[in-house]
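# Just a sequence and a predicted model for now, questions to come.
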Amino acid sequence: MSAIISIKNLSKTYAGGFQALKHVDLDIRRGEIFALLGPNGAGKTTLISIICGLVNPTTGSVTVDGSDIIKDYRRVRAMIGLVPQELTTDHFETVFNAVAFSRGLFGKAPNPAYIEKILRSLSLWEKKDNRIMTLSGGMKRRLMIAKALSHEPTVLFLDEPSAGVDVELRKDMWQVVRDLRAAGVTIILTTHYLEEAEEMADRVGVITRGELILVEDKAELMRKLGKKQLILQLDAALTGLPERLSGYDLELSPDGKQLTFTYDTRAGRTGITALLNDMRDAGVGFVDLDTTQSSLEDIFVDLVRSNR
Amino acid sequence: MNLYAVKAIYSFEMSRAVRTLMQSIVSPVLSTSLYFIVFGAAIGTRIAEIDGIAYGAFIVPGLIMLQLLTQSISNAAFGIYFPRFTGTIYELLSAPVSPLEIVLGFVGAAATKSIVLGLIILATAALFVDLHIAHPIWMLTFLVLTAITFSLFGFIIGIWADGFEKLQIIPLLIITPLTFLGGTFYSIDMLPPFWQKVTLFNPVVYLVSGFRWSFFGVSDVNIYASLGATLAFLLLSLLIVWRIFKTGYRLKT
């Protein structure tokens, strides 16, 4: 798949000397949902802000669909929609007018029918004549998305789109994002809700302290770095691990009734068969078993910790 | 050129003026009417004519200029400062618009509002005093040029200000005193010789004088000096605005 955004050696040092980005190289593929993960202050918003024209890069270059973001800013910006992290709206304007304003600002002829379609898809049509100040936080967030979509962008940046949005609305928003991708829009989202990245993203990038430390297909990342655990409910409580089982990565619960075996999915042999055989030989029986896989959140926390 | 963007910014700013009609039109018209009542009708009848013009009529161009300057500045300053304050400036900076288009939208709207206000005040003045305009084309030229120039100046203040107080400082502490001391209520011939020379360093003198000339055909300074001063200030404001966008001053990090 070809790259729609190509970032080369991008660095940003703010006036105070803080280096927010360090030599970032990244290609975003056309039509994908790319999740950019990172702790607060990692450089996610700086990266997005540079691409969207809000922050000047110190060094490096970015092209969007082959056009340089500075030299050919008109073409680039007309392609991009941005939903910023902060809920920044003109409180006194009506919902419809605010979206129509955004469309005009991005150089598109008025199209009330298209604005109606966006507002309906985001469940905002009934509020079209309401002043923005009367909207709830979740509605304001959806309005920000409507404004970003008003000029029919081909690339959409969502900076923490679910912040302050309740679970139901979040799921509605995910559906909107999926529909956009189905329509061919490339989506780059930053999020603190790792569940969101896990649910939606095709690829994941992890950024910390201004460095992009990993870019990987989500499924591949979880396969490579994911750990699995086998949880066995024992038929009788143990006071300690039998000698025969000492060679396994096992953890006995305090009440002695649950045994947890951690194994690597990448290993050719997981060791489960051998463990069960040794348990039988040691006279340890079980009444139930379950497996769990580490979430993207676990992987992310491990990655960021190991880079500290 | 992104004309849709210019139209969007212009319409947005104009609709803000309509939303705040009391503040943007009614309030300055009321305060100017009070000047006409006090200085024109009440005190003015006891003051001798200046350069053959009744005092009530003499102060009209100065009062229009006073409102034109302060309102142009505050309209444009608030117009660009408010999105910076609320954070909605992100949309403007991430849109495919050039600095020229941004300035056309904001300054065009601010200047339009001031020109409309100036004409309303002129119509109001005609209710209180006898007026005739000797050079209507020049009057409109000065009105439009001054509105554009000081809207540009206001735009600069709106970018420079980092709080609401700074938005008010320049109009209140500099423009209003300069206007009052710039021959709004008197002819500079009435000042002692020393102060006549000092007052020529006040740029507002040239604006008020030129504007008054367009009404009555008499002026404190040469009409071309007035026009030159207005154009020089316009050019200076344009240069500063160009520099702001070139460097991203207070707009981009």
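All right, it came through fine. Numbers count the residues shown, from 1 in each chain, chains lettered A, B, ... in the order given.
# Please enumerate residues in contact with stretch A:282-300?
A:37, A:194-195, A:197-198, A:204, A:206, A:218, A:221-222, A:225-236, A:238, A:242, A:244-245, A:259, A:265, A:279 (CB atoms under 8 Å, 6 or more residues apart in numbering or on different chains). Just so you know, the C-beta spots here come from the backbone N, C-alpha and C atoms, and that holds for glycine as well.
# Of those, keep whichever come out buried.
Buried by 16 or more other CB atoms under 10 Å in any protein chain shown: A:37, A:194, A:197-198, A:204, A:206, A:218, A:221-222, A:225-227, A:230-232, A:234, A:238, A:245, A:259, A:279, out of the contacts of stretch A:282-300.
# what packs against the host helix or strand of A:Glu168?
When elements are assigned from DSSP states H and E, A:Glu168 belongs to helix A:167-182. Secondary-structure packing of helix A:167-182 (3 or more CB pairs under 8 Å, 6 or more residues apart in numbering or on different chains; DSSP states H and E): helix A:137-149, strand A:186-190, helix A:194-200.
# Deepest-packed of the ones you listed, please.
Neighbour counts (mean count of other CB atoms under 10 Å in any protein chain shown) averaged over each of the helices and strands packed on helix A:167-182 peak at strand A:186-190, with a mean of 25.
# Now do A:Ser295, the pLDDT please.
Here the pLDDT value assigned to A:Ser295 is 67.
# Equivalent analysis for B:Phe155, please.
On the pLDDT scale, B:Phe155 is placed at 93.
# do the same with B:Ile102
91.
# cool, B:Glu91 as well?
92.
# Is any residue of whatever helix or strand it lives in near chain A?
Assigned by DSSP H and E, B:Glu91 belongs to helix B:89-93. Yes: judged by CB under 8 Å from any CB of the partner chain, helix B:89-93 and chain A are in contact via B:Tyr90, B:Glu91, B:Leu92, B:Leu93.
# Next one: the nearest residue to B:Ser219 once chain neighbours are set aside from A:Phe300, what distance?
Leaving aside its chain neighbours, B:Ser219 sits nearest to B:Trp213 (3.7 Å; criterion: CB to CB, 6 or more residues apart in numbering or on different chains). Per CB to CB, to the nearest Å, B:Trp213 is found 73 Å from A:Phe300.
# same deal with A:Thr94?
40 Å.
# Which one's more surrounded, these two?
A:Phe300 (22 against 17; other CB atoms under 10 Å in any protein chain shown).
# Secondary structure of that one: a helix, I assume?
Yes: assessed by DSSP: H, G, I helix; E, B strand; the rest coil, A:Phe300 belongs to a helix.
# Spell out which residues of chain A are next to chain B.
So far as CB under 8 Å from any CB goes, chain A lies against chain B at A:14-15, A:52-56, A:73-78, A:80, A:82, A:84, A:86, A:88-93, A:97, A:100-109, A:147.
# Next, the contact list for A:Phe261, please.
Contacts of A:Phe261 by CB under 8 Å, 6+ apart are A:Gln229, A:Leu230, A:Ile231, A:Leu232, A:Tyr248, A:Asp249, A:Leu250, A:Gly271, A:Ile272, A:Leu275.
# farthest pair in the residues you listed?
Distance extremes for those: the farthest pair is A:Ile231 and A:Gly271 at 15.0 Å, using CB to CB.
# For A:Leu230, see how far away the nearest residue to A:Asn56 once chain neighbours are set aside is.
Closest residue in space to A:Asn56, ignoring its immediate chain neighbours: B:Lys252 at 5.5 Å, by CB to CB, 6+ apart. For B:Lys252, the distance to A:Leu230 equals 54 Å [CB to CB].
# And A:Leu54, by the same measure?
The value you get for A:Leu54 to A:Leu230, if CB to CB is used, is 49 Å.
# that older thread, in strands, which of the residues of chain A next to chain B fall?
A:Ile80, A:Leu82 (DSSP state E).
# Just the buried ones out of the residues of chain A next to chain B, please.
A:52-55, A:73, A:76-78, A:80, A:82, A:84, A:88-90, A:93, A:97, A:100-108, A:147.
# Just the ones of those residues in helices?
A:52, A:73, A:76-78, A:97, A:100-105, A:147 (DSSP state H).
# tell me what the host helix or strand of A:Phe157 is packed against?
Using DSSP H and E, A:Phe157 sits in strand A:155-159. Where contact means 3+ CB pairs under 8 Å, 6+ apart, strand A:155-159 is packed against helix A:44-52, strand A:80-83, helix A:137-149, strand A:186-190.
# one more time with 10 Å, if that's ok
Contacts defined by 3 or more CB pairs under 10 Å, 6 or more residues apart in numbering or on different chains; DSSP states H and E place strand A:155-159 against strand A:3-13, strand A:33-37, helix A:44-52, helix A:73-79, strand A:80-83, helix A:137-149, helix A:167-182, strand A:186-190.
# In helices, which of the contacts of A:Phe261 fall?
A:Ile272, A:Leu275.
# Same list as before, the contacts of A:Phe261 that is, but in TSV and with pLDDT included.
Shown next, in TSV, are those (pLDDT from 0 to 100):
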residue	pLDDT
A:Gln229	84
A:Leu230	89
A:Ile231	91
A:Leu232	92
A:Tyr248	87
A:Asp249	85
A:Leu250	89
A:Gly271	85
A:Ile272	88
A:Leu275	91
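# so which of the contacts of A:Phe261 comes closest to B:Thr20?
For those, with B:Thr20 as the reference and CB to CB as the criterion, the closest is A:Gln229, at 62.9 Å.
# before we move on, the earlier item: of the contacts of stretch A:282-300, which belong to strands?
Going by DSSP E, the strands hold A:Leu37, A:Val204, A:Val206, A:Lys227, A:Lys228, A:Gln229, A:Leu230, A:Ile231, A:Leu232, A:Gln233, A:Leu234, A:Leu259 from the contacts of stretch A:282-300.
# which one of those residues is nearest A:Ile213?
Distances from A:Ile213 to the ones in strands among the contacts of stretch A:282-300, taken as CB to CB, are shortest for A:Val206 (5.3 Å).
# Now do the contacts for the closest one.
Shown in contact with A:Val206 (CB atoms under 10 Å, 6 or more residues apart in numbering or on different chains): A:35-39, A:42, A:197, A:212-216, A:221, A:296, A:299-300, A:303-304, A:307.
# And the lowest-mean-pLDDT helix or strand in chain A, how far out from the chain middle?
Taking mean pLDDT, DSSP states H and E as the measure, the helix or strand of chain A with the lowest value is helix A:296-306, at a mean of 71. Relative to its chain's centre, helix A:296-306 lies at 14 Å (CA atoms, centre = their mean, to the nearest Å).
# Buried ones in that helix, by neighbour count?
A:Leu296, A:Ile299, A:Phe300, A:Leu303, A:Val304.
# angle of that helix against strand A:227-234?
120 degrees (axes from the mean of the first three to the mean of the last three CA atoms, to 10 degrees).
# Where does pLDDT dip in the stretch 201-308 of chain A?
Counting by pLDDT under 70, the stretch 201-308 of chain A shows low-confidence ranges at A:224-226, A:265-268, A:294-297, A:307-308.
# For chain B, what's the nearest residue on it?
Across the stretch 201-308 of chain A, the shortest distance to chain B (CB to the nearest CB) belongs to A:Gly210, at 14.8 Å.
# From what I see, that residue and A:Pro39 are in contact.
No: between A:Gly210 and A:Pro39 there is no contact under CB atoms under 10 Å: 11.6 Å.
# Looking at the two, which is more packed in?
Comparing A:Gly210 with A:Pro39 by other CB under 10 Å, the one with more neighbours is A:Gly210, at 22 against 15.
# which residues does that one contact?
A:10-13, A:18-24, A:38, A:41-43, A:46-47.
# Over to A:Pro57?
Counted by CB under 10 Å, 6+ apart, A:Pro57 has contacts A:7, A:9-13, A:21, A:24, A:46-47, A:49-51, A:69-70.
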